[in-house]
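> how would this look folded up:
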Amino acid sequence: MHITVIALIIAILGLVTSFFLVGILPSIVSLVMGIVLFIREEEKSISVVRIIAISAAGVILPVIMYLNTFGFHLPGNDPEGVSSFQRILSENYSNFGIHIFDPKKSEAEESLALEEESTSSTSSNQEENYYVSHEAEMDVSEKEPEDKAEDVPDNRSIFESLDSIDPREKNKGGIISIAASDDNMPSYGGLPVGTMLIGQYFREDDHNCNPVLVLQNKTGEPVRYECRFIARDSEGEELAISDKTVEVVRDGALFVFEGRFDKRDLNGSIPDAYEFSITKRDPYENDMADLVSVYTAVEGNSALLTAQNRSDKKVKVDAYVLFFDGKELVDCMWMIPQNIDEVCLDPRSAATIQGDAYYRFDRVETFYTAYEAVGENG
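Below you'll find the model as predicted:
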């Protein structure tokens, strides 16, 4: 009887601490004890069965948390130096709005709060915009020493220079150039009040050149966003236009706009600058992001994006995967997971889509929106 009580106590403690991963060891101990008691007892008691059930849950829970973070792969090295233990807890609890071991996020939120205070925030009218711009940076070597301090960008300058990366990092694996991009591309743009610019990049390859914006909805309500990118030449003349729409962005969510310009429309080269204008309005569709989970796994030079629809309705998922090598954006892919002809996900189903990067990368960032497939749920 005493062994049964001890095994039950260990099983309960193991299950509780399994929510923080460490309970898997006591859960394994109590599971073994429960199985031994079950085999030895001639009359199988409910107490022993209860021990086995609780212990099994304590073992399974950390395993599920691991798979949710890394899938069927080894953790690998995190570019930010975060341990696997921290990554598992952060990944699983962030889905519930609980941010663990995420100092970078705290700093970002603090910065956003300061930015939000600096903008007059009483009106959410889509006609009220504030404007941001980024001029091409001057090479430090061309400046006088006393001017160097003025060349340091403030916290809101989100362009990352290729020159800031250690030269040894550029040549890893024999790669001469880590990215076909020009992060010093001048840009000018307008944002609706309550919409924050988090990241801004510009990348190009042999055929296209694409400005990429990472934004956050801080309006307090779901929003449909529309963006117009305009590529301009050295005289400020319009070369080409790229229009994009994000159907539904819930409050607090990050999202991506990618402008796409074919170089055939740009005289075979990149523009001298680009302009963007973003507007917002009430969404036409219902946000379903709370009932959709998106996971991204890296295999070789590919990203495998899986979306799981936990709702009873068909949903559409628009995802952007950004590929980075160090601080440099090397690729950006628009990915739409689907398992039926209507480019959406069936109720209670999942789908995976693969994207192959053309450049070496060491990490990816995934941004997605999910909304009800209008006209498909009837």
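
> the strands in the stretch 151-300 of the chain, which residues?
Secondary structure of the stretch 151-300 of the chain (DSSP state E, counting those that start in this stretch): strands at 187-192, 195-204, 208-217, 223-232, 238-249, 254-258, 261-262, 273-281, 292-299.

> Which one, of these, ends up nearest to S27?
Taking C-beta to C-beta, strand 292-299 is the member of the strands of the stretch 151-300 of the chain nearest to S27, at 24.9 Å. Backbone N, C-alpha and C define where each C-beta goes, glycine included.

> What are the buried residues along the closest one?
The neighbour-count check on strand 292-299 (16 or more other C-beta atoms under 10 Å) flags 292-298 as buried.

> I figured I52 hits F38, correct?
Yes. Between I52 and F38 there is a contact under C-beta atoms under 8 Å: 6.5 Å.

> Settle it for me: which of those two has more neighbours?
Applying other C-beta atoms under 10 Å to I52 and F38 shows that I52 carries more neighbours, namely 19 against 14.

> Would you mind listing the buried residues in the helix or strand containing I35?
Using DSSP states H and E, I35 falls within helix 24-40. Burial within helix 24-40, assessed by neighbour count using 16+ other C-beta under 10 Å, is assigned to 24, 26-31, 33-34, 37.

> tell me which of those residues is nearest to E238?
Of all the buried residues of helix 24-40, E238 sits closest to I24, with 60.2 Å by C-beta to C-beta.

> shouldn't that closest one be in contact with S18?
Yes. Counting by C-beta under 8 Å, S18 is a contact partner of I24 at 6.0 Å.

> joint contacts of those two?
Between them, I24 and S18 share these contacting residues under C-beta atoms under 8 Å, 6 or more residues apart in numbering: 58-59, 61-62.

> looking at the protein, which helix or strand does the model trust least?
helix 167-170 (a mean of 40; mean pLDDT, DSSP states H and E).

> so for stretch 256-274, what's the average pLDDT?
The average pLDDT within stretch 256-274 is 86.

> tell me which residues of the longest helix along the chain are tucked away?
Across the chain, the longest stretch assigned as helix under DSSP state H is helix 46-70. Neighbour-count burial for helix 46-70, counted by 16+ other C-beta under 10 Å, picks out 48, 50-52, 54-59, 61-62, 65-66, 69-70.

> Now for N210: which residues touch it?
202-204, 258-261, 332.

> Tell me who's in contact with D272.
D272 touches 186, 232-234, counting by C-beta under 8 Å, 6+ apart.

> Distance check, it against D262.
17 Å (C-beta to C-beta, to the nearest Å).

> Also E342?
Distance from E342 to D262, by C-beta to C-beta: 28 Å.

> before we move on, what about S90?
Counting by C-beta to C-beta - S90 and D262 are separated by 39 Å.

> Going by how many neighbours each has, rank the two and give me the top one.
Each of S90 and D262 has its neighbours counted (other C-beta under 10 Å); S90 has more, 17 against 11.

> which other helices and strands contact the helix holding I35?
With contacts taken as 3 or more C-beta pairs under 8 Å, 6 or more residues apart in numbering; DSSP states H and E, helix 24-40 sits against helix 2-18, helix 46-70.
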